[in-house]
Structures are given as structure tokens and as C-alpha cells.
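Engineer: My questions are about this predicted structure, shown below with the sequence.
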Amino acid sequence: MQRRIATRLATPLATLLACALAGAALAQDPPGAVPAAAPVPQATAAPAPPQVSLADAYRREFAFLEAQQRQLTQQLGDSKARAATDSARLSGEISAIEARVLAARAEADARTRELSVVDEQQIAIEASSELLAATFAQAEASLSGYGVTLAADPDYQSADDAARLGRLIELATAQLQTFASVSRAPGEFFLADGSAVDGHVIRIGNVARVGVSDQGAGALAPAGGGAFKLWAGPDSSASARALAAGEAPTTLALYLFENPNLAAERQAAKSFGQWLASGGAIGYVIALLGLVGVLLAIARAVFLKGAGASVNRIMEGVSGPIVEGRIADAIEACKRYKGSAARVVTAALRNLDRDREHLEDIVSEAILHESGHLNRFGSMILLIAAVAPLLGLLGTVTGMIQTFDVITEFATSDPKLLSGGISVALVTTQIGLIVAIPMLLVGNLMNGWAERIKDDMEKAALKVVNLSGEARRPGAVRA
């Protein structure tokens with residue numbers, strides 16, 4: 001195999017070498033020159049191989065290359081034809097596959113929509129079935145309260161839903177017709193003292209009853225278990241007997257009820273202790289603060305009354321001695337009075353010999369000294385007035401938290417379960433406002449009272465100073 005390949009490569013190389021040598025010889029000899037004689041070999045050599053001309057070598061190579069070109073061109077054409085055929089075939093297959101995929105997707109979407117519709121219909125059917133079952137249960141329970149029992153009726157229980165619904169409508173219509181009428185029948189009811197009597201019971205629909213007997217008559221209220229009792233309300237005996245006699249009374253006293261099986265109880269009025277207890281611990285704290293505020297207000301009123309008492313009488317008692325120059329007598333007259341005003345006037349009388357500017361400073365100092373006594377408990381009262389509504393707000397928040405805790409735990413809207421938190425929320429706010437509003441008014445009124453007393457003391461001291469100055473002027477007339 002290697003020898004054959006070497007032989008095929010040697011032939012073109014020899015041909016190319018011969019062509020190159022011939023070209024070189026032609027280039028060295030000018031045209032028309034006679035080639036030199038070849039040298040005569042000295043010895044006889046082997047015969048040389050046949051010489052191939054350059055043109056024949058070119059022709060053979062060209063023919064060989066043309067044959068290869070034709071063969072390659074034919075192969076290329078066949079390959080292109082096969083590729084085109086395969087491409088067309090594959091394109092057709094891809095288009096068919098895409099069409100099948102689109103059809104499958106469309107069919108899947110249609111089935112998905114149909115499944116969604118079926119699911120919605122199933123949900124609607126289940127909801128309707130549950131609603132219908134709840135309606136049947138509620139209607140049976142409501143009718144059983146009026147003596148209509150359907151649970152033991154085999155025909156009703158074995159009927160389909162449409163027949164059961166029609167039966168319920170029929171029974172409900174009959175009950176409504178009964179409730180819309182006034183009927184009278186013998187019956188038993190209880191008097192106010194608890195004794196049972198026989199008489200006639202006038203039934204006014206299903207919302208009221210009137211009982212008439214020889215022992216008593218009047219509006220009836222549920223006593224529990226389907227029994228009725230005379231209601232201890234406004235006197236309805238006359239209107240009940242008139243109704244029993246077939247007359248139309250001008251005023252008919254009735255007790256309207258919702259459930260004849262639920263006993264009616266008269267709501268007793270809450271006492272102050274019960275009302276305060278409904279506010280919880282915060283309500284007691286606010287009430288205690290209110291009591292402390294009342295005691296402080298009373299104590300401050302006593303202090304202010306003693307401080308501001310007899311200002312006019314003090315001035316009447318000291319004016320005469322001051323004008324006459326009897327300062328010691330004026331001081332003795334002031335000592336007969338008690339209170340801040342008397343002490344301020346006494347301080348002014350004892351320092352009348354000082355210059356006026358110094359005397360005014362002494363009077364101001366005496367008034368400032370008495371201010372602490374006059375302002376006693378005032379800030380505490382206003383503090384209670386400010387804290388009380390805040391404690392009420394705290395009780396409101398606490399009560400609402402209790403209410404929501406009950407709702408979270410029991411998930412009910414029963415007012416009885418929620419009443420505890422609601423009472424704390426509302427009552428504490430009410431108690432806080434009841435305490436804060438009077439304390440705020442009383443505190444501000446007493447502050448104004450204290451300021452008026454300070455003004456009166458200042459006026460009295462200045463009057464003493466002015467009277468003393470007038471008495472010291474030359475030519476002053478003394479009584």
C-alpha cells in the first residue's frame with residue numbers, strides 16, 4: 001500500500017522536474033542556435049526510459065483533473081439533491097408535528113375549560129345542597145317549637161327535596177295564618193303570686209297573650225316551658241276583660257315576646273355598688289381618686305374661707321386707730337381676727353415707720369408667704385381632674401381587649417359573653433368623666449377664689465399704708 005502511494009506521488013514529481021529542466025535549457029539557448037553536440041560517452045550505458053513531452057504531461061494531468069472535477073461535481077449535485085429531498089421531507093414532518101401539537105393544545109384547553117365548568121357546577125351543587133339541608137333543619141326546628149314534629153314523619157323523611165320543601169311551605173303558611181289571627185281558648189296561667197288558675201287565654205298571634213280568670217286578668221308573659229304568668233306591669237285587667245267580652249278597648253296593655261318558651265324576667269335596677277363593680281378594678285381606683293378629690297376640695301374651701309373672712313371688718317376696726325395715729329391699738333384690733341388677711345394687715349401696721357418702697361416690699365413678701373397656704377391642695381385637685389379621664393380611657397382599652405379575647409376564644413356574638421368587657425370599657429369612661437368634670441370646675445373656681453383673696457389682702461395693706469400717710473401729713477385733722 002505504501003509502495004503504491006509512493007509510485008503515484010513519484011510520477012507527478014518526475015514530470016514536474018522534467019518540465020523545469022526543459023524550461024531552463026530553453027532559457028539558456030538563444031533562438032536559432034544550434035545545440036552543442038553531446039559528448040560521446042566513453043562506455044555503453046543502459047537504454048534510457050522513453051521521454052514524455054511536456055504537452056503530453058499537461059494533457060494527461062488536465063484530463064485527470066477534469067475527470068476528478070466531473071466526478072466531484074456529480075457527487076456534489078447528488079448530495080444537494082439528497083439534502084433538498086431530506087429538507088423537504090423533514091419540513092413536511094415538522095409541519096405535521098406542529099399541527100398535531102396545536103390541535104392537542106387546543107383540545108387540552110377545551111378539556112380544561114370543561115373541567116373548570118364541571119368543578120364550578122359541582123361546587124354550586126354542593127353549596128345548594130348544604131343550603132337546602134340547613135333550610136330543612138332550621139324549618140324543622142322552628143316548626144317543632146309550635147308543636148309540628150317532622151322528624152318522626154316517615155313520609156316526609158323519605159320524600160325527595162322538592163316534596164319536602166313543598167311540605168314545609170305548606171306547614172309554614174298554615175302557621176302564619178294562625179299567627180295572624182286572634183283566638184280564645186280555655187287554658188291555665190299563673191298569677192303574680194305564683195298560683196296556677198284556670199281561665200281563658202286570648203292568643204294574639206304569636207307575640208302576645210292575655211289571660212282572664214275570676215282570680216285575675218291581664219297581660220301574660222312567658223314563664224318558661226310554654227307556660228305563662230301575669231306580668232306585673234301597668235294595670236291591664238280592665239282592657240283584658242273588655243277584650244274577653246268581645247269589646248274593643250281604647251288602650252290594650254300587652255307584653256310582646258319573641259319566644260314563648262323563654263321565661264321573661266324583670267330587670268332589676270342596678271345599685272350604685274353594682275354599677276361601680278361593673279367598672280372593674282380601674283373603676284374602684286377612679287372612684288377612690290374622686291373621693292380624695294372631694295375631701296381635698298372641702299379642706300381647701302375651709303382654708304380659703306378662713307383666709308378671706310372679715311376683710312371688710314378688719315379694715316373697719318383698724319381704720320379709726322390708724323387715722324388717729326394709734327398704731328398699737330390698730331395692731332391689737334387685728335389680732336382679734338384670724339386668717340391671712342389679718343396677718344398681712346398686721347405686717348403692714350408693724351412697719352409703717354419705714355419708707356413706702358420698703359413697706360410695699362414687706363407687704364408683697366407677706367402676701368407671698370400666705371400664698372402657699374391659699375394654694376394648698378389646688379394642684380392636687382387639678383391633677384385628679386386630669387388623671388381621672390386617662391384612667392377611664394385605660395379602662396376602655398382594657399374592656400375592649402377583654403371583649404376581643406372572648407370573641408377570639410368563643411367566636412360568638414352573644415351579648416352576655418361580651419357584657420363584661422363592654423361594661424369595663426363604658427363604665428370606667430363614665431366614672432372618669434364624672435370625677436374629672438366636677439374636679440376641674442371646683443379646682444378652677446377655688447383658684448379664682450384664692451386670687452381674689454390675694455387681691456383683697458393687697459388692697460387692704462395698701463389702704464392701711466395710705467391711711468397712715470394721710471395721718472402723718474402736716475395739718476391732718478385727727479378725730
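Structural biologist: Structure received.
Engineer: quick one, what contacts residue 257?
Structural biologist: Residue 257 makes contact with 207, 208, 221, 222, 264 under the criterion CB atoms under 8 Å, 6 or more residues apart in numbering. C-beta: built from backbone N, CA, C; applies to glycine.
Engineer: Checking it next. Helix, strand or coil?
Structural biologist: Following DSSP: H, G, I helix; E, B strand; the rest coil, the label given to residue 257 is coil.
Engineer: residues in contact with the residue lying closest to residue 467 once chain neighbours are set aside?
Structural biologist: Closest residue to residue 467 apart from its sequence neighbours, by CB to CB, 6 or more residues apart in numbering: residue 322 at 4.6 Å. Taking CB under 8 Å, 6+ apart, we find residue 322 in contact with 330, 349, 464, 467, 468, 471.
Engineer: Kindly report the same for residue 260.
Structural biologist: Residue 260 neighbours (CB under 8 Å, 6+ apart): 206, 209, 222, 226, 228.
Engineer: Give me the contact list for the host helix or strand of the last one.
Structural biologist: Okay, so that is residue 228. Residue 228 belongs to strand 227-230 when assigned by DSSP states H and E. Strand 227-230 has contacts (CB under 8 Å, 6+ apart) with 188-192, 194, 201, 209, 211, 216, 218-223, 260.
Engineer: Inside helices: which ones of those residues?
Structural biologist: Nothing among these maps onto helices, per DSSP state H.
Engineer: Would you mind checking the residues you listed for buried ones?
Structural biologist: Neighbour counting over the contacts of strand 227-230 (16 or more other CB atoms under 10 Å) leaves 189-191, 201, 209, 211, 216, 218-223, 260 as the buried ones.
Engineer: re earlier: any idea which of the contacts of residue 260 is closest to residue 404?
Structural biologist: Nearest to residue 404, judged by CB to CB, of the contacts of residue 260 is residue 222 at 33.7 Å.
Engineer: how deep is residue 366 tucked in, by neighbour count?
Structural biologist: By the criterion of other CB atoms under 10 Å, residue 366 has 21 neighbours.
Engineer: if I look at it, how far off is residue 338?
Structural biologist: 15 Å (CB to CB, to the nearest Å).
Engineer: try residue 457
Structural biologist: Separation of residue 457 from residue 338 (CB to CB): 14 Å.
Engineer: after the strand holding residue 228 comes which helix or strand?
Structural biologist: Remark: after strand 227-230, the chain's next helix or strand is helix 237-244, criterion DSSP H and E.
Engineer: which strands and helices sit next to that following helix?
Structural biologist: Helices and strands touching helix 237-244, by 3 or more CB pairs under 8 Å, 6 or more residues apart in numbering; DSSP states H and E, are strand 196-204, strand 208-212, strand 217-224.
Engineer: Report the buried residues of that helix.
Structural biologist: Buried residues in helix 237-244, counted by 16+ other CB under 10 Å: 239, 240, 242, 243, 244.
Engineer: ditto for stretch 175-183
Structural biologist: With the criterion 16+ other CB under 10 Å, stretch 175-183 contains buried residues residue 175.
Engineer: So residue 185, which state does it fall into?
Structural biologist: Assigned by three-state DSSP, the conformation of residue 185 is strand.
Engineer: Let me see the contact set for the closest residue to residue 184 other than its chain neighbours.
Structural biologist: Spatial nearest neighbour of residue 184, excluding adjacent residues (CB to CB, 6+ apart): residue 202 at 4.9 Å. When contacts are counted by CB under 8 Å, 6+ apart, residue 202 is found next to 182, 183, 184, 209, 210, 211, 212, 240, 243, 244.
Engineer: State the pair within those residues that is farthest apart.
Structural biologist: 183 and 240 (15.0 Å).
Engineer: from the buried residues of helix 237-244, which is closest to residue 374?
Structural biologist: Of all the buried residues of helix 237-244, residue 374 sits closest to residue 239, with 66.8 Å by CB to CB.
Engineer: For that closest one, give me its contacts.
Structural biologist: Residue 239 sits next to 249, 250, 251, 252, 253 when contact means CB under 8 Å, 6+ apart.
Engineer: want to try a markdown table for the residues you listed, with distance to residue 142 and secondary structure as columns?
Structural biologist: Below are the contacts of residue 239 laid out as a markdown table (distance: CB to CB, whole Å; DSSP: H, G, I helix; E, B strand; the rest coil):
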| residue | distance to residue 142 | secondary structure |
| --- | --- | --- |
| 249 | 32 | coil |
| 250 | 35 | coil |
| 251 | 33 | coil |
| 252 | 28 | coil |
| 253 | 29 | coil |
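Engineer: List buried residues within those.
Structural biologist: The neighbour count (16+ other CB under 10 Å) marks residue 253 as buried among these.
Engineer: And the furthest pair within the contacts of residue 239?
Structural biologist: The farthest-apart pair in those, when distances are taken by CB to CB, is 250 and 253, at 11.1 Å.
Engineer: circling back to that earlier point, quick check: the residue nearest to residue 467 vs residue 355, distance?
Structural biologist: Shown here: residue 322 relative to residue 355, a distance of 18 Å by CB to CB.
Engineer: Ok, residue 69 next?
Structural biologist: Between residue 69 and residue 355 the computed distance is 146 Å (CB to CB).
Engineer: circling back: next, format the helices and strands packed on helix 237-244 as CSV and append distance to residue 392.
Structural biologist: Below are the helices and strands packed on helix 237-244 laid out as CSV (distance: least, CB to CB, whole Å):
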stretch, distance to residue 392
strand 196-204, 46
strand 208-212, 42
strand 217-224, 38
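Engineer: Mind putting those strands into a markdown table with mean pLDDT and distance to residue 393?
Structural biologist: Converted to a markdown table, the helices and strands packed on helix 237-244 look like this (pLDDT from 0 to 100; distance: least, CB to CB, whole Å):
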| stretch | mean pLDDT | distance to residue 393 |
| --- | --- | --- |
| strand 196-204 | 83 | 48 |
| strand 208-212 | 83 | 44 |
| strand 217-224 | 80 | 41 |
